[in-house]
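Novice: Take a look and give me a structure for this.
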Amino acid sequence: MKRLLPVLVMASLTLAGCANTAPYSGNVYTGNQAKTAQSVSFGTITALRRVQIQADSRAGGILGSGGGAVIGGMLGNQIGGGSGRELATVAGVIGGAVAGTKIEETTNRIPAWEIEVRKDTGQTVVVVQKADQAFQVGQRVRLVGSGSRVSVVPY
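Specialist: Numbering: from 1, shown residues only. As a prediction, this is how the structure comes out:
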């Protein structure tokens, strides 16, 4: 059991970071966006700010909280004896679930840009997208998309 614990910890932490971050990129289109007409407008970046996107977990947070609870319970069960062991196990389950949830949330944060663009029409818009390409204030860009799905693309 003691040899299995490090393996379980590593597996839990590895699986906790399984959010699909691709949709937050300006370089990735969803299946619904493919082969559809997209609007294009042009503008200049007037402000940039580093932010983070909190991605949703594919498992809905179950891996972090469930894995943490199991590991915490196993660790708590190693302490004491009798009713003390039972209390330590319960405390380990609760503490592990909280810690696992926090770890999963942290690993599912994506570095992103908050990009403020003054369009050639005079309108100012802000788009948040994954920081997978370089931008700078004063750079000319294209805004590609329709409705609430818009990407900022270098011009």
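
Novice: For I53, the count of nearby residues, please.
Specialist: Counted with other CB atoms under 10 Å, the neighbours of I53 add up to 19. (Each C-beta comes from the backbone N, C-alpha and C, glycine too.)

Novice: isn't it right up against E114?
Specialist: No: I53 lies out of contact with E114 (CB atoms under 8 Å); the separation is 10.1 Å.

Novice: so where is the chain shaky, pLDDT-wise?
Specialist: 1-27, 29-35, 56-70, 72-73, 76, 80, 89-90, 92-93, 96-107 (pLDDT under 70).

Novice: Mind naming the longest strand for it?
Specialist: strand 39-54 (DSSP state E).

Novice: contact partners of that strand?
Specialist: Strand 39-54 is contacted by residues 21, 24, 105, 108-121, 124-125, 128, 130-131, 135-146, 152, 155 when judged by CB atoms under 8 Å, 6 or more residues apart in numbering.

Novice: Restricted to buried residues, select those in ChimeraX.
Specialist: To isolate the buried members of the contacts of strand 39-54 in ChimeraX, using 16 or more other CB atoms under 10 Å:
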select :21,24,105,108,110,112,113,115,116,117,130,131,135,139,141,142,143,144,145,152
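
Novice: joint contacts of I53 and E114?
Specialist: Taking CB under 8 Å, 6+ apart as the criterion, I53 and E114 both touch V128.

Novice: hang on, E86 in a helix?
Specialist: Yes: under DSSP: H, G, I helix; E, B strand; the rest coil, E86 sits within a helix.

Novice: distance of it from N77?
Specialist: As for E86, its distance to N77 is 9 Å (criterion: CB to CB, to the nearest Å).

Novice: Look at these two and report which has more neighbours.
Specialist: Ranked by neighbour count (other CB under 10 Å), E86 and N77 place N77 first, with 16 against 13.

Novice: From S83, how far out is that one?
Specialist: With the distance defined as CB to CB, N77 ends up 13 Å from S83.

Novice: Could you do W113 as well?
Specialist: Relative to S83, W113 is positioned 54 Å away (CB to CB).

Novice: ok, now T46?
Specialist: T46 sits at a distance of 64 Å from S83 (criterion: CB to CB).

Novice: Equivalent analysis for R49, please.
Specialist: Using CB to CB, one obtains 53 Å as the distance from R49 to S83.

Novice: So for these two, which residue has more residues nearby?
Specialist: Using other CB under 10 Å as the criterion, R49 and S83 rank with R49 on top: 11 against 8.
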